[in-house]
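Visitor: test case, fold it:
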Amino acid sequence: MTNLNTAFDVAEKYLDIPKMLDAEDIVGTARPDEKAIMTYVSSFYHAFSGAQKAETAANRICKVLAVNQENEQLMEHYEKLASDLLEWIRRTIPWLENRMPENTMQAMQQKLEDFRDYRRLHKPPKVQEKCQMEINFNTLQTKLRLSNRPAFMPSEGKMVSVCHSSF
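Guide: All right, here's what the predicted structure looks like:
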């Protein structure tokens, strides 16, 4: 009887299940009211079923938040790649546009060697960065479209096409 009363009290206090029976109604009779007991048991079922639905909803919300957080990280990464690449382009263009002829053969050969180094050593990693930036942009746009979210618009001057034409 003590266990039943404790169970009824806990159900009422923590699960909001009203106390429909007394322990005496169950223990004190040879044949307890089956309908009353089934009604009480169904209250427990509905209480736990509702908790499961709430947990499912919470899990869905967590998944949506995780996807949004991942998309935010992709946006930030894209912006950083674009900024770094555009800064490198901004610093490199004046050097490439310097068409002043050198006065000595040795200076001219050095200028040619510097340009070869640029083409062999400096430009290839930047081309890879640009490709990675385009991949990130396209991946992000696809993820946003699949999530029914608005398309990502990079900051002013950081569109893939701007970086592409500057290259």
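Visitor: the residue lying closest to residue 83 once chain neighbours are set aside and residue 85, how far apart?
Guide: Spatially, and ignoring its direct neighbours in sequence, residue 83 is nearest to residue 158 (6.9 Å; C-beta to C-beta, 6 or more residues apart in numbering). Using the backbone N, CA and C atoms, a C-beta is placed for each residue, glycine as well. Note on residue 158: its distance to residue 85, by C-beta to C-beta, to the nearest Å, is 9 Å.
Visitor: and the residue of the chain most remote from its centre, what element?
Guide: Centroid-distance maximum for the chain: residue 30 at 60.3 Å, with C-alpha atoms, centre = their mean. If you go by DSSP states H and E, residue 30 is not part of any helix or strand.
Visitor: now the phi/psi pair for it, please.
Guide: phi -70, psi -40 (degrees, to the nearest 10).
Visitor: do residue 100 as well
Guide: The phi/psi pair for residue 100 (degrees, to the nearest 10) reads phi -70, psi 130.
Visitor: same check on residue 102?
Guide: Main-chain torsions, residue 102, degrees, to the nearest 10: phi -90, psi 160.
Visitor: surely it meets residue 112?
Guide: No - the pair residue 102 / residue 112 is not scored as a contact, 9.5 Å apart, by C-beta atoms under 8 Å.
Visitor: ok, back up a step: so what's the residue nearest to residue 83 up against?
Guide: By C-beta atoms under 8 Å, 6 or more residues apart in numbering, the contact list for residue 158 reads 78, 79, 82, 83, 86.
Visitor: now with 7 Å?
Guide: 79, 82, 83, 86 (C-beta atoms under 7 Å, 6 or more residues apart in numbering).
Visitor: per-residue confidence at residue 27?
Guide: Residue 27 carries a pLDDT value of 84.
Visitor: circling back: mind checking how far the residue farthest from the centre of the chain is from residue 151?
Guide: Spatial separation of residue 30 from residue 151 under the definition C-beta to C-beta is 72 Å.
Visitor: do residue 65 as well
Guide: Separation of residue 65 from residue 151 (C-beta to C-beta): 20 Å.
Visitor: residue 106: which of the contacts of residue 158 is nearest?
Guide: Lowest distance from residue 106 to these (C-beta to C-beta) belongs to residue 86, with 34.4 Å.
Visitor: tell me the contacts of the residue nearest to the spatial centre of the chain?
Guide: When C-alpha atoms, centre = their mean is applied to the chain, the residue found nearest the centroid is residue 70 (2.2 Å). Contacts for residue 70 (C-beta under 7 Å, 6+ apart) come out as none.
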